[in-house]
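Student: kindly generate the corresponding structure for this input.
(chains A and B)
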Amino acid sequence: MKKSSATNSITPSYDQNIQNIKAEFGNFSDLIIREFKIGKSNIRAFLVMIDGLIDKAVINEHILKPLMRDISIYKKDQSTCEEVYTIIKENILYSHCITEERNWAKTVHCILCGDVALFIDSIDRCLLISVRGWESRGIEEPNTEVVVRGPREGFTENLRTNTALIRRKIRDPKLKIESIKIGKISKTDIGICYIESIAKKELVDEVKRRLEKIDMEYILESGYIESFIEDGKYSIFPTVGNSEKPDVVVGKLMEGRVAILVDGTPFALTVPYLFVEAFQTSEDYYSRPYYYSIVRFLRYFSFFVATILPALYIAVTTFHQELLPTSLLISIASAQAGIPFPSFAETLTMLVIYEILKEAGVRLPRPVGQAISIVGALVIGEAAVSAGLIGAPMVVTVAFTAISTFMIPAISDAATIVRFACVFMSSICGLYGIILVWILMIIHLCSLKSFGVNYLVPIAPTVFHDLKDVFVRLPWRILKKRPVVFNKKF
Amino acid sequence: MRRFVTALILLLIPVYLTGCWNRKELNDILIVQAVGVDKNKSGQFKLTYQVLKPKVLKNPTNLPSSSQQKGVWCFSSTGKSVFDAIRNATLSCDKKLFFSHNKIVVISEKVAHQGIEDILDIFLRYHEFRPDAYLIITSNDIEKFLDTTVPIESIPAKELENVIKNYLANAKTFPVRLYEFQKMSNTKSKTAFVPFVTTKSPLKQSSQTQIFYVEKMAVFDNYKLTGYLTHQQMRGLLWVAGKIKSGIYPVKIDKGLFSLELIRNSSKVTVNKKEGKTFFTFRIIAETNLGEKYSYYLISSSLIEKIKKELSKSIKSDIQNTLKKSFELNCDILHLGDIYYSSYRKPLKFDKNSISVSIVVKPFIRRFGMMKE
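Tutor: Sure, this is the predicted structure:
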């Protein structure tokens, strides 16, 4: 970068300005510098913009046309540049957002964000006209959070669209959306959303403090931010929530949480994030409560199954055969007869194969994905059993475990890690090992915090007021009071 | 990092504190379903085991029914003690025996006469054995008894277990688990009873399969087999013990025969001492349904009274029978000594002349069935 005085502020010299722009941007293929004369006068001016980030029609119709033609309405021949500048600013430009800028660096930044800069001869400042308009994806139903009942809109990669989606649901000036930029090079826009009267001020300040501390060159996704602001730095459990749906985020805002929107990704972050949130879905609240209360229980049960079932199988078949009812033991023993591997190796193989199948299925294009499911179902499921490599009960166990994992997508990765730990420990010391892993996990969960709130709240420490939305979902009549955990000191 | 390593070491220490060190794959154990105890001619213990063959049981839709496809196999081993014999089994079989799923302990009649206290010791003491296995006495050859091919189940021990658990419907036998036997033998009266099971052909024609038959109940006095109770006498015993669940009482009145099904009942025993004599009173309430009737009699209230009377008579005679047998064998089968002890804190002098028993039966007939006449 050129270190001349010209780079700090805009010069009155037209040629100097053009030179500076060219020096700053170099040989940009998408940089457009449009030179023209204002009206019938001989005052020179030029527009600087980045092709692709601006709306061309607006520039042609509402900026260039008035500047080159309509200005003659104000019949002022040979007026000074300063007068022309004022007229342009106040009367000519048909744009909703115009800012005057003297600072060179800020001007450059705004151009890169999609503004158009208007430089006029012998004026030492420029006008930044907001004509941002780039290609972006429309609002679609998010793939990660499909619902049967409930809004189908999802966030997009565009921060403004996302804030509008939230704003549309809460029409109250208390909904604040503050903006900061993170990323030394990428300068990504971040929006901090909260509702002033509900979210605790300390929480908002803490979020801002943590965001400002982020020292990163670029932010491509909210996951980058998540890893910098989360409490349990090396924890396998997430302490920052994410969602792709505006209704989910608004629901969390209304409970007193803070949402962090990141430009360029449809995933918004919500803090604080509690363990119980992994077992809640937006549909719980939209449907009638009775059935979804059962589903809640099933989710907790699924977490249990997803973490310990294969380990339990190992423990029971290699250490505690006396625990099983005789008839069950006989069927397992008969299925297991002739299997060449020990239970542990068998289980581990199946679990690893399952993880491979899952990962392979996610990344592949859809037509190839079918091949994966055929390989998974037929080769692994049927052929391996009939070839006598793997026992049928093992396949059932792993399949049930896999299905259970999908019940709790938010913590499925943590559940997988706990599952492997349980499998290893149970192969060393049976049921005792499983219990050991669970004790460790619960100690860890108890010690975790998310933005000053205990991770396991309202289960531990128990907050009876909030338990109505944990294991069951009570009707809205009872539920309408906001949870107290975010405003309580523990 | 150092703290982390320290924590890890501390966490790994309790792994060695566990009792779960004996890891054994399912393919490395022989699951014993029944074990028989006998003595051979030289006085050594001879144990016979009924062991699962998982590979044969593999296809559950095609359960073996013929003798070639039995889900178990039997073999035996000898030793100076029971435990010794069990370990000697590894001299001839390929894997270690696993006793935690043992359902049945069969003891031969011959051994039972000499006393079974020492034999049962290991079954109740050693951690791998289950004290809830059923105890059975047989006069058959133990090897043949365990190697019976049964018609329905592919595991004979399972079938045997089901047969002796059928007492619920007949009230003529009673299944006894090892710990129950031990408990009964450790009372003041020191008597216990155990089902006596033999095998028989299901039909008169010769058949490949055999079925189990609970012929009578063996009576143990201080761990020694002393005699047998018939089904009737056993019923009397169950009345006193209050362990009757259901059963059929056929009652004869003139030429008519009425079958009554027991549905609910209760019994209470009280004891009194008067002039050196001990009076026991059994109060029994028996609720029944009329299940069957062979006669041209119309059901009338006078007939019902008659049936009731006959019913109480036959219940009484069952109990009297048991009592008679008890005095005959000179052992307190009815556990009267315990009842006496709990009231007077003194051992009962078990003597025919000093004990007097009265039985009060209160019979009810609740329903007469769906047929009008």
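
Student: low-confidence ranges, the chain, go.
Tutor: All of this refers to chain A. A:1-7, A:75-78, A:489-490 (pLDDT under 70).

Student: chain B is the one I meant
Tutor: When residues are selected by pLDDT under 70, those of chain B lie in B:15-21, B:58-69, B:372-373.

Student: ranges for the strands of it?
Tutor: Secondary structure of chain B, counting by DSSP state E: strands at B:29-39, B:45-52, B:72-79, B:96-98, B:104-108, B:134-138, B:191-200, B:211-221, B:224-229, B:248-253, B:256-274, B:277-294, B:355-367.

Student: near chain A at all, the shortest one?
Tutor: By that I understand strand B:96-98. Yes. Against chain A, strand B:96-98 shows contacts by C-beta under 8 Å from any C-beta of the partner chain at residue B:98. Placement of C-beta: from N, CA and C, glycine included.

Student: select the longest helix from the chain.
Tutor: No chain specified, so I'll use chain A. Longest helix in chain A, counting residues (DSSP state H): helix A:412-447.

Student: nope, chain B
Tutor: Per DSSP H, chain B has its longest helix at helix B:301-329.

Student: just the buried positions in that helix, please.
Tutor: B:303-304, B:306-308, B:310-312, B:314-316, B:318-319, B:321-323, B:325-327, B:329 (16 or more other C-beta atoms under 10 Å in any protein chain shown).

Student: identify the residues contacting residue B:144.
Tutor: residue B:199 (C-beta atoms under 8 Å, 6 or more residues apart in numbering or on different chains).

Student: chain A contacts on chain B?
Tutor: B:11, B:14-15, B:18, B:20-27, B:29, B:31, B:33, B:52, B:54-58, B:60, B:98, B:100-101, B:103, B:128, B:130, B:155, B:158.

Student: so which bits of the longest helix of chain A are buried?
Tutor: Here helix A:412-447 shows A:412, A:414-416, A:418-423, A:425-438, A:441, A:445 as buried, counting by 16+ other C-beta under 10 Å.

Student: over to stretch B:342-355?
Tutor: Those would be B:348, B:350, B:355, for stretch B:342-355 by 16+ other C-beta under 10 Å.

Student: so how far is chain B from the residue nearest the centre of chain A?
Tutor: Centroid check for chain A by C-alpha atoms, centre = their mean gives residue A:267 as the closest residue, at 2.3 Å. Distance, residue A:267 to chain B, using C-beta to the nearest C-beta, to the nearest Å: 32 Å.

Student: ok, now which ones touch that residue?
Tutor: Contacts of residue A:267 (C-beta under 8 Å, 6+ apart): A:155, A:221-223, A:242-244.

Student: who in chain A is up against chain B?
Tutor: A:317-322, A:326, A:329-339, A:342-343, A:427-433, A:436, A:440.

Student: what's the neighbour count on the one residue in the stretch 251-400 of chain A that gets nearest to chain B?
Tutor: Closest contact between the stretch 251-400 of chain A and chain B, by C-beta to the nearest C-beta, is at residue A:322 (3.4 Å). Residue A:322: 15 surrounding residues under other C-beta atoms under 10 Å in any protein chain shown.

Student: and it, what are its phi and psi?
Tutor: phi -70, psi -10 (degrees, to the nearest 10).

Student: so it sits against residue B:102, correct?
Tutor: No. Counting by C-beta atoms under 8 Å, residue A:322 stays clear of residue B:102, with 10.1 Å between them.

Student: show me the helices in the stretch 101-250 of chain B, by range?
Tutor: B:109-114, B:117-125, B:142-146, B:156-164, B:167-170, B:178-185, B:231-241 (DSSP state H, counting those that start in this stretch).

Student: need the contact partners of the shortest one.
Tutor: This points to helix B:167-170. B:173-175, B:245-248.

Student: which of those residues tops the neighbour count?
Tutor: Going by other C-beta under 10 Å, residue B:173 tops the contacts of helix B:167-170 with 25 neighbours.

Student: OK, contacts around that residue?
Tutor: B:164, B:166-167, B:195, B:214, B:217, B:231, B:234.

Student: let's see it at 10 Å
Tutor: B:163-167, B:193-197, B:214-217, B:229, B:231, B:234-235, B:238 (C-beta atoms under 10 Å, 6 or more residues apart in numbering or on different chains).

Student: now stretch B:285-293: buried residues?
Tutor: Those buried within stretch B:285-293 under the rule 16+ other C-beta under 10 Å are B:286-288, B:290, B:293.

Student: nearest to the spatial middle of chain B, which residue is it?
Tutor: residue B:175 (2.1 Å).

Student: that one touches residue B:238, doesn't it?
Tutor: No. In this structure residue B:175 lies outside contact range of residue B:238 using C-beta atoms under 10 Å: 11.9 Å.

Student: how far off centre is stretch B:128-138?
Tutor: Distance, stretch centre to chain centre, for stretch B:128-138: 10 Å (C-alpha atoms, centre = their mean, to the nearest Å).

Student: can you give me the end-to-end span of it?
Tutor: End-to-end distance of stretch B:128-138 (C-alpha to C-alpha, to the nearest Å): 25 Å.

Student: what of stretch A:181-193?
Tutor: Per C-alpha to C-alpha, stretch A:181-193 runs 14 Å from first to last residue.

Student: dump the residue contacts of residue A:435.
Tutor: Neighbours of residue A:435 in contact, by C-beta under 10 Å, 6+ apart: A:308, A:315, A:422, A:425-426, A:429, B:18.

Student: beta partners for the residue in the stretch 201-350 of chain B that chain A sits nearest to?
Tutor: Residue of the stretch 201-350 of chain B nearest chain A, by C-beta to the nearest C-beta: residue B:212 (17.9 Å). For residue B:212, the beta-bridge partners are residue B:199 (DSSP bridges).

Student: can you verify my assumption that residue A:24 contacts residue A:104?
Tutor: Yes. With contact defined as C-beta under 10 Å, residue A:24 counts as touching residue A:104 (8.1 Å).

Student: and for the nearest residue to residue A:388 once chain neighbours are set aside, the neighbour number?
Tutor: Excluding the flanking residues, the one nearest residue A:388 by C-beta to C-beta, 6 or more residues apart in numbering or on different chains is residue A:338, at 5.4 Å. By other C-beta under 10 Å, the residues close to residue A:338 number 13.

Student: wait, residue A:338 sits on residue A:391?
Tutor: Yes. At 9.1 Å, residue A:338 counts as touching residue A:391 under the criterion of C-beta under 10 Å.

Student: sounds good, over and out.
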